[in-house]
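Student: what shape does this take:
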Amino acid sequence: GDLFCDAALVRAGADVNINCEPPSLWPDPCPDNLMMAKNVSNRLVYLIVAAGFDLTHHPLPSQVGSNELKVDSEIDEWLKYMKFNPRRLTDLCRLKIRSQMGNRALQVIPSLQIPQSLKQFLLYRDIVTEKYTKPRT
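Tutor: Predicted coordinates for the structure are as follows:
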């Protein structure tokens, strides 16, 4: 995967839990969104968790074979913390606001009469900064 393409999908409202619960789009075993994110970037892991990835049924690295996940103690410790502790109020508010906007979040957020820093927060740009270069014609 590509970090910025994946991040754009999450910002656009892609369901980060789409393969986590039955009925799944994939036959068993379904792709593990968190493992795939870890193979791309730690920032993508932070992004999908912030976007509401359900860690409840996700095994911790110590519960999984060593060859199934990249060994990265910092991110694994953070995931363990996130699994067993409540999310920050700001993160819960971001999830609720975006869920109320539904698929229109990308269109609505830029037009809101709020500070630019809040718009960036609602667009998850505090986690992954999008690098965009205008294509040459």
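Student: how near is Arg125 to Val10?
Tutor: Going from Arg125 to Val10 by Cβ to Cβ, to the nearest Å gives 11 Å. All C-beta atoms are positioned from the backbone trio N, CA, C, and that covers glycine.
Student: look at the two and report which has more neighbours.
Tutor: Neighbour totals were compared for Arg125 and Val10, and Val10 leads with 22 against 15 (other Cβ atoms under 10 Å).
Student: now the more buried one: which helix or strand?
Tutor: Element membership for Val10 (DSSP states H and E) is helix 3-11.
Student: buried residues in that helix?
Tutor: 3, 6-7, 10-11 (16 or more other Cβ atoms under 10 Å).
Student: can you show me the CA trace of it as CSV?
Tutor: The C-alpha trace of helix 3-11 is given here as CSV (Å, rounded to 0.1, in the frame of the first residue of the first chain):
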residue,chain,number,x,y,z
LEU,A,3,0.7,5.8,2.8
PHE,A,4,-0.9,8.8,1.2
CYS,A,5,-3.4,6.8,-0.9
ASP,A,6,-4.4,4.8,2.2
ALA,A,7,-4.6,8.0,4.2
ALA,A,8,-6.8,9.7,1.6
LEU,A,9,-9.2,6.7,1.7
VAL,A,10,-9.5,7.0,5.5
ARG,A,11,-10.0,10.8,5.3
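Student: now that helix: how far from the chain's centre is it?
Tutor: Between the centre of helix 3-11 and the centre of its host chain there is 9 Å, according to Cα atoms, centre = their mean, to the nearest Å.
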